[in-house]
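Sequence unavailable; structure follows:
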DNA sequence: TTCATTTAATGACTATCAGTCATTTTATAG
DNA sequence: CTATAAAATGACTGATAGTCATTAAATGAA
């Protein structure tokens, strides 16, 4: 009985088609401004049909966010492969985060916006949990790299790896966020190049973690 | 002719009464969920009257955000007075940021939410500009403290003060944000205390900036 | 005080949009 | 070919941001 399975596949297909259409519409017009009728038009479906695949507008948004989180985790995982030392891996993760922001600015913003948002229950059961699991995986990659760096002696051993991983994650997100949101103002007012600041930050971070470097800036 | 001036004062008074009512209603029910009718009821005014004082719901929100920004700047300014060295001032700014978050959690969240939001034009002319000016002032306090620290030799001189100020601002916001938004998950999953992590971060930052400390963690 | 004019306040009304559901269309199976 | 099940539809409802014609209050001149 392959019919049930084919139906299942078609359902999945349609769901991801809707997500693609939603990315187009939400990114172009903004989540608040875009309407479900816009989405229905873009997806070439009736509005009612959208609600067969998603419980609410928020749930469509959540689907985009989860996709973005998966993508970001892939960036992190790709970043650490083919890097020899733990320290290199940590830096590569930072670089890949910046790269993700450059490659998928809209997805990055969606992630950013989501993190400050408290979704209500209409976003589907376990929305927050799903989001957290993805976030946790991302943290795991960073944590492993630090542990590895301490073992291979590229990273100083007098740090708490877990605390450091959490702080690095927060710091890096914060710096990237500042450059993203205020980049233009920073450029025009402070005459600093956001891209250059990000590299400066990565340099400081790498030196701060390095075992061999005795003198470093931050 | 004191009548015009009295009227002006009364108008200002009413405006800030509405803002106070808005804080109550928006913080209690959430900005999206709370309605302008809720606000009208809380302010004991008709809905139409609200629109004589604010162009839109967003503009009311913006007023709360600007109030929060002023408050935060005051925290920063108070933090740096009665501190002898520049390094102490920088640390005190970080501590006051955390204190602000503890004293005014809702205002802190409003600020956070605002930073990720792109306001449209209905938020009043120069909404973005006003917000940026406040932000800039906050940065100024931090920058001055770093400059002072380099002069009084409490802070190492081999850093770029402006770049460092910007990065510190981003980093600290990011770490605080992570603790705020994921604090609970961090506590339950990673068994780390958010408050302790913040102090750990401040210690690392202080040591990293310190001129006398040769060995520091981050 | 009284009346005219300016300023402030009101709430019924409109437009928009998320979400629903009775109806229709399409696919599958007997 | 018919009956049943699954999928899709779009007109409809309820909620709410924002408007505006009307009413009320304050002011000042006579």
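Arrived safely. Bear in mind the structure is a predicted one, so any value in this text is a computation, not a measurement.

separation between the residue in chain A that chain B sits nearest to and residue B:201?
Chain B sits closest to residue A:174 of chain A, with a gap of 1.6 Å, by CB to the nearest CB. Placement of C-beta: from N, CA and C, glycine included. Going from residue A:174 to residue B:201 by CB to CB, to the nearest Å gives 11 Å.

all helices for chain A, in order.
A:2-29, A:36-43, A:47-53, A:57-80, A:86-103, A:105-115, A:127-151, A:161-185, A:194-209 (DSSP state H).

Find the residues that touch each one of residue A:174 and residue B:201.
Any residue near both residue A:174 and residue B:201 by CB atoms under 8 Å, 6 or more residues apart in numbering or on different chains counts here, and that gives B:172, B:175.

okay, these two: which has more neighbours?
Using other CB atoms under 10 Å in any protein chain shown as the criterion, residue A:174 and residue B:201 rank with residue B:201 on top: 26 against 23.

ok, and does the worst-scoring helix or strand of chain A on mean pLDDT reach over to DNA strand C?
Within chain A, no helix or strand scores below helix A:127-151, which has a mean of 86 by mean pLDDT, DSSP states H and E. No. Contact of helix A:127-151 with DNA strand C (CB under 7 Å from any atom of the strand) is absent, the minimum separation being 13.0 Å.

Show residues contacting that helix.
Applying CB under 8 Å, 6+ apart, the set of residues contacting helix A:127-151 is A:59, A:62, A:65-66, A:69-70, A:72-73, A:76-77, A:80, A:85-87, A:89-90, A:93, A:114, A:119, A:155-157, A:159, A:161-162, A:164-166, A:168-169, A:209, B:182, B:185, B:189-190.

Just the buried residues of the residues you listed.
Buried members of those, scored by 16 or more other CB atoms under 10 Å in any protein chain shown, are A:59, A:62, A:65-66, A:69, A:72-73, A:76, A:80, A:85-87, A:89-90, A:93, A:114, A:119, A:155-156, A:159, A:161-162, A:164-166, A:168-169, A:209, B:182, B:185, B:190.

and the gap between the residue of chain A closest to chain B and residue B:54?
Residue A:174 is 31 Å from residue B:54, by CB to CB.

again, but for residue A:46
On the measure of CB to CB, residue A:46 and residue B:54 end up 38 Å apart.

Please apply the same query to residue A:70.
For residue A:70, the distance to residue B:54 equals 41 Å [CB to CB].

Also residue A:68?
In this view, residue A:68 and residue B:54 are 34 Å apart by CB to CB.

Would you agree residue A:175 is in contact with residue B:170?
Yes. Counting by CB atoms under 8 Å, residue A:175 touches residue B:170, with 3.8 Å between them.

And the two? Which one has more around it.
residue A:175 (30 against 25).

show me the residues around that one that make contact.
A:197-198, A:201, B:167, B:170-171, B:174.

how about stretch A:199-217: buried residues?
The neighbour-count check on stretch A:199-217 (16+ other CB under 10 Å) flags A:200-202, A:204-211, A:216-217 as buried.

And the contacts of it?
With CB under 8 Å, 6+ apart, stretch A:199-217 has contacts from A:87, A:90-91, A:94-95, A:98, A:146, A:149, A:153-157, A:159, A:164, A:168, A:171-172, A:175, A:218, B:156, B:158-160, B:163-164, B:167, B:170-171, B:208, B:214-218.
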